[in-house]
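Student: Everything below, folded, please.
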Amino acid sequence: MKPITLTGLESLCRTKLPLPKNRRIGLLANPASVDSKFRHASRLINNLYPGQLKALFSPQHGFYAEKQDNMIESDHTMDPELDIPVFSLYSSTRKPTKEMMDSIDLLMIDIQDVGTRVYTFIYTISYCLEAAAQYGKSVVILDRPNPVGGVQVEGNILEDNCTSFVGRYPIPMRHGLTVGEIALLFNAKYDINADLKVIPMENWTRDMLFDDTQLPWIPPSPNLPTPASAMVYPGQVIFEGTNLSEGRGTTQPFELFGAPFVDTDAVLANLEGQISGAVLRPVCFQPCSGKWQNQVCQGFQIHVTDPETYRPYKTSLMLLQQILQLHPDKFQWKEPPYEYEFHKRPIDLILGNESLADQLGEMDGIDALENAWKGPAAEFKGISMEFQLYGR
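Tutor: Here you go, the predicted model:
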């Protein structure tokens, strides 16, 4: 058995980073920012540097991950125990303001990412890097595992005309980097040039999935309750851009998806033998909130049986195309707004391409589309290797 992975937080606690006693610290964190004994980063850092932790910052869903859905903002508040402000970076601003940054000299970041382009945490970090560069602050990232592994890179590269808070930079849907590695890439390749240091993990290799780390899984956001939901998320997130339920309002979001009109038998018949590394189990479910609230949906639960061969993005595109073909009169694309974009189709922002959804509707072959992405994805992977901190 591999030894337990030590996160950057635990590495910091084992080998304290020397800081002057007058160095004021901020911390970007949420409930997943814990060590293997479930102790939160804010308390550990406060113990390491007594009196120096001056502000907390929170990403989407709030410091306590209490906000369920997209575009549900969090208020600024106070931490009742530490008696310091908690600044929401999913509020009227998504970039730290000068007033926020004036209260600190160094920003520590301990955030669990999920390895997917559309997950907003990496863009909150990019805005923090920009603010740090602008206001002369330093950033230290306490690295954490990519829960879907650091080997596979999958999907098309985001195009410039689809940039948004679910895609700021030209990266593929599944990027294969840890949060520290992708921050290093953003900082260097997109001319942010912040004073950035990454505290690496110990005992993590690129071929590890989250269950291999022996770390506790704390949901980084309310609708990724398990590593299994994170594994399917790089594909299943595309259903947020449609009128199909992506499983929000159930106990298994993203693993479950469907709608009252889905013909599961026909979908299975059309995809027989084409899905690798996963089994589609027909299910009925009734969301208690969100799309199709209190209505019975026909759909599937995705059971990943072989993570090495499973391709979440390709699989979900195949499923979406089948539903487009079988239910043209009942299927709909979701209308704006989506993550503070009020004019572009949500599906285009999620897919990172303005024509891909229409190509799916025209029944262009998924294999041909995927082949067209392989070159750019390989180029991205080559670039990203410059910033990789861990081997296989």
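
Student: could you pull out the strands for the stretch 101-250 of the chain?
Tutor: According to DSSP state E, counting those that start in this stretch, the stretch 101-250 of the chain carries its strands in the segments 106-109, 138-142, 195-199.

Student: which of those is buried the deepest?
Tutor: Burial of the strands of the stretch 101-250 of the chain is given as mean neighbour count (mean count of other CB atoms under 10 Å); strand 106-109 ranks first at a mean of 27. Placement of C-beta: from N, CA and C, glycine included.

Student: neighbouring contacts of that strand?
Tutor: When contacts are defined by CB atoms under 8 Å, 6 or more residues apart in numbering, strand 106-109 is touched by residues 19, 23-29, 41, 45, 57, 96, 101, 125, 128, 132, 137-142, 179, 183.

Student: same thing with stretch 280-300?
Tutor: Applying CB under 8 Å, 6+ apart, the set of residues contacting stretch 280-300 from outside is 68-69, 243-250, 256-265, 267-268, 271, 301-303, 319.

Student: thinking again about what came up before, just the buried ones from the contacts of strand 106-109?
Tutor: Buried members of the contacts of strand 106-109, scored by 16 or more other CB atoms under 10 Å, are 19, 24-29, 41, 45, 57, 96, 101, 125, 128, 132, 137-142, 179, 183.

Student: In helices, which of those fall?
Tutor: Of the buried ones among the contacts of strand 106-109, the ones assigned to helices by DSSP state H are 41, 45, 101, 125, 128, 132, 179, 183.

Student: and the two most separated of those residues?
Tutor: Greatest spatial distance in those: 101 and 179, 20.4 Å, computed using CB to CB.

Student: per-domain residue ranges of this protein.
Tutor: According to the domain assignment given by automatic domain parsing, the chain is divided into the following structural domains: 8-221+382-387, 227-361.

Student: chain center to the longest one: distance?
Tutor: Spelled out, that is domain 8-221+382-387. Taking the mean of its C-alpha atoms, domain 8-221+382-387 sits 11 Å from the chain's own mean (CA atoms, centre = their mean, to the nearest Å).

Student: tell me the mean pLDDT for that domain?
Tutor: Looking at domain 8-221+382-387 alone, the average pLDDT works out to 96.

Student: Tell me the span between the first and last residue of it.
Tutor: 16 Å (CA to CA, to the nearest Å).

Student: Ok, stretch 183-200 next?
Tutor: 12 Å.

Student: Equivalent analysis for stretch 133-151, please.
Tutor: End residues of stretch 133-151 are separated by 31 Å (CA to CA).
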